[in-house]
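Asks: model the structure of this input:
(one chain, ligands or ions: 1)
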Amino acid sequence: TSNRKTHGHHKGFKTYPLIGLLLEFLRNRNRFLDWTTQVLGDCPTNTSAFHRPGNIRGVITANPANVEHVLKTNFESYPKGEQFIVRLQDFLGKGIFNSDGELWKLQRKTASYEFNTKSLRIFIMENVRVELYTRLIPMLTEAVQSHRILDLQDILERFSFDNICKLAFNFDPGCLGGTRKTGTEFMRAFENAATLSAGRFLYAVPFLWRVKKALNIGSEATLRKSISIVHEFADTIIRNRLESGADNNEDDLLSRFIGKDENSAEFLRDIVISFILAGRDSTSSALSWFFWLLCFNPKVEQNILKELKEIRSRNRKTIGDSYSVEELRDMNYLHAAISEAMRLYPPVPVDTKACLNDDVLPDGTFIRKGWFVTYHTYAMGRMPNIWGEDCYEFRPERWLDEKGIVKQESPFRYPVFHAGPRMCLGKDMAYIQMKSIAAAVMERFSVEVLEKEKSGGHLLSLTLRMKGGLPVKVRERILLD
Ligand code: HEM
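Replies: Presented below is the predicted three-dimensional model:
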């Protein structure tokens, strides 16, 4: 770190006359997260202005007080904003993930009510159980027997895509080990639509995508095609459901939204797609990094296995039984280890809002109306003033109190699930899913990451994914209960 401080007197992002940050932006585009983490770490309040041509100006921050101000205290002044909404509109329409103001509030109200119902939790638990026992475990068992190398990230992405489609509109695409071709096609189209929409933020010339869209060429042509596949697919399910009229009483989110308000078929599609996007590859991202980190931390792995064993023996269970919600809740160490993995590798590493009024952030940084503000969750996990000098170490213990119970962390210091009125709705569901998968896999299999020193690079789309996937070999784990 002393080395970094000798770079010069200038703190923050360099600005060149005329071309702004363009040179540095282009040079560092592929290592955006680590570059910006280093710059913010060198700034006195971990906050810096950012400017690149096309009149893109804003503030990037890794400061908890600023995050609280933007996400909560002054929430009304920092919506998603036009820049965000315009780029994602073709794909997401007016869904919860891509709306502000009244439109957002309405969907949020229905959704937060439904996410707190017992019936939804039971539905989620059952979906996870079925996917684990009929797909994931058989697939890993087969890989043990055939010595096959697996891409664990791909498998986890398929798992969570199946899961979120069940939750959203009770459709099982069968992406993991299924034989349904249409399901996999839907997943691919969805992935392309998400990645290419996000790609609209990365143009060196910000509005080039509009030109390509108007001409329907290149990535914009692919995007249009992917979106139409996704939309047609969702429309068919929704039309059938609407036609079934009074019979429509399923446990999924679609039914819950049909039951609540008079929503048009198109709006229902927007709602469903937003939920699929929100719940799609965040848990798989978190778990991929979690399994990767475990390979460097065998002691943590042992501690998790010990905790699982205690829970099994307390509840007279053996390996092969599934865990209840209460048992999952008792897995404090596993919870801590997953939270710790997401501290270092947050599934949503940076997140941006628009600024509606001139304002001064709590640390004194001025921000002008029309600028953006980005809070940098990835950098925040690597700030010594938040987590201490050992912030680069993977240490689940930092999450536990003396009794071994998980401590609540301030969402402004750890905005992995966002914070304030727009905080993630799926947090509990995500932990249920991640803990169920981790427990079921770890007590049956040992996972060996291949080329573990080489892996660990990341790809940036809307979520943080591992470059080149996560190639692993699984072996049967013999545990003596
Ligand atoms: C480890 C897993 C997850 C992480 C780290 C995560 C993180 C986040 C973050 C950072 C946001 C804020 C995005 C923004 O508006 O700028 C968000 C929003 C949201 N998340 Fe999650 N999420 C996870 C899993 C899920 C799951 C499984 C669901 C299930 C459907 C879900 C549903 C949502 C919804 C609906 C929103 C939008 C809330 C709103 O705008 O009011 N999330 N999540």
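Asks: the ligand contacts on the stretch 1-150 of the chain?
Replies: By the rule C-beta under 6 Å from any ligand atom, the part of the stretch 1-150 of the chain lying against the ligand is 96, 97, 108. In this view, the C-beta of every residue, glycine as well, is placed from N, C-alpha and C.
Asks: so which of those belong to strands?
Replies: Using DSSP state E, no member of those sits in strands.
Asks: out of these, which are buried?
Replies: With burial judged by 16 or more other C-beta atoms under 10 Å, the buried subset of these is 96, 97.
Asks: please enumerate the strands of this structure.
Replies: 47-52, 56-61, 150-151, 350-354, 359-360, 366-367, 372-376, 445-449, 458-460, 464-466, 471-476.
Asks: next, format those strands as a markdown table and append mean neighbour count.
Replies: Below are those laid out as a markdown table (neighbours: other C-beta atoms under 10 Å):
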| stretch | mean neighbour count |
| --- | --- |
| strand 47-52 | 20 |
| strand 56-61 | 22 |
| strand 150-151 | 17 |
| strand 350-354 | 19 |
| strand 359-360 | 14 |
| strand 366-367 | 18 |
| strand 372-376 | 24 |
| strand 445-449 | 18 |
| strand 458-460 | 17 |
| strand 464-466 | 22 |
| strand 471-476 | 18 |
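Asks: what would the ones you listed look like in a markdown table with mean pLDDT?
Replies: As requested, the strands of the chain are exported to a markdown table (pLDDT from 0 to 100):
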| stretch | mean pLDDT |
| --- | --- |
| strand 47-52 | 87 |
| strand 56-61 | 91 |
| strand 150-151 | 95 |
| strand 350-354 | 94 |
| strand 359-360 | 97 |
| strand 366-367 | 96 |
| strand 372-376 | 96 |
| strand 445-449 | 95 |
| strand 458-460 | 70 |
| strand 464-466 | 87 |
| strand 471-476 | 95 |
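Asks: make JSON lines out of these and add distance to residue 214.
Replies: Putting the strands of the chain into JSON lines (distance: least, C-beta to C-beta, whole Å) gives the following:
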{"stretch": "strand 47-52", "distance to residue 214": "23"}
{"stretch": "strand 56-61", "distance to residue 214": "21"}
{"stretch": "strand 150-151", "distance to residue 214": "37"}
{"stretch": "strand 350-354", "distance to residue 214": "24"}
{"stretch": "strand 359-360", "distance to residue 214": "35"}
{"stretch": "strand 366-367", "distance to residue 214": "33"}
{"stretch": "strand 372-376", "distance to residue 214": "25"}
{"stretch": "strand 445-449", "distance to residue 214": "45"}
{"stretch": "strand 458-460", "distance to residue 214": "27"}
{"stretch": "strand 464-466", "distance to residue 214": "30"}
{"stretch": "strand 471-476", "distance to residue 214": "41"}
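Asks: I'd like to know which of these lies nearest to residue 128.
Replies: strand 445-449 (17.5 Å; C-beta to C-beta).
Asks: what angle do the closest one and strand 471-476 make?
Replies: Here strand 445-449 runs at an angle of 160 degrees relative to strand 471-476 (axes from the mean of the first three to the mean of the last three C-alpha atoms, to 10 degrees).
Asks: and the residue of the stretch 1-150 of the chain nearest the ligand?
Replies: Taking C-beta to the nearest ligand atom, the ligand has its nearest neighbour within the stretch 1-150 of the chain at residue 108, 4.7 Å off.
Asks: cool, the stretch 151-300 of the chain as well?
Replies: residue 279 (3.0 Å).
Asks: just give the closest residue to that residue, not the sequence neighbours.
Replies: residue 164 (4.0 Å; C-beta to C-beta, 6 or more residues apart in numbering).
Asks: now that neighbour: how far from residue 121?
Replies: 15 Å (C-beta to C-beta, to the nearest Å).
Asks: and residue 352, by the same measure?
Replies: Where residue 121 is concerned, residue 352 sits at a distance of 32 Å (C-beta to C-beta).
Asks: now swap in residue 260 and tell me
Replies: As for residue 260, its distance to residue 121 is 19 Å (criterion: C-beta to C-beta).
Asks: go on, residue 256?
Replies: 13 Å.
Asks: who's more crowded, these two?
Replies: residue 256 (20 against 15; other C-beta atoms under 10 Å).
Asks: that older thread, so for residue 89, which of the strands of the chain sits nearest?
Replies: Nearest of the strands of the chain (C-beta to C-beta): strand 350-354, 14.6 Å.
Asks: who does the closest one touch, helix- and strand-wise?
Replies: helix 82-92, strand 372-376, helix 377-380 (3 or more C-beta pairs under 8 Å, 6 or more residues apart in numbering; DSSP states H and E).
Asks: need the longest helix for the chain.
Replies: Longest helix of the chain, by residue count under DSSP state H: helix 218-243.
Asks: hmm, back to that, which one of the helices and strands packed on strand 350-354 lies nearest to residue 448?
Replies: helix 377-380 (26.9 Å).
Asks: what helices or strands is the closest one leaning on?
Replies: helix 32-42, strand 350-354.
Asks: switch to 6 Å and redo it
Replies: Secondary-structure packing of helix 377-380 (3 or more C-beta pairs under 6 Å, 6 or more residues apart in numbering; DSSP states H and E): helix 32-42.
Asks: can I get the helix it packs on in CSV, CA atoms only?
Replies: Taking Å, rounded to 0.1, in the frame of the first residue of the first chain, the C-alpha atoms of helix 32-42 are listed here in CSV:
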residue,chain,number,x,y,z
PHE,A,32,-12.6,-2.1,-13.9
LEU,A,33,-13.4,-3.3,-10.4
ASP,A,34,-9.8,-3.6,-9.1
TRP,A,35,-8.7,-0.4,-10.8
THR,A,36,-11.6,1.6,-9.2
THR,A,37,-11.0,-0.2,-5.9
GLN,A,38,-7.5,1.0,-5.8
VAL,A,39,-8.3,4.6,-6.7
LEU,A,40,-11.1,4.8,-4.1
GLY,A,41,-8.8,3.2,-1.5
ASP,A,42,-6.3,6.1,-2.0
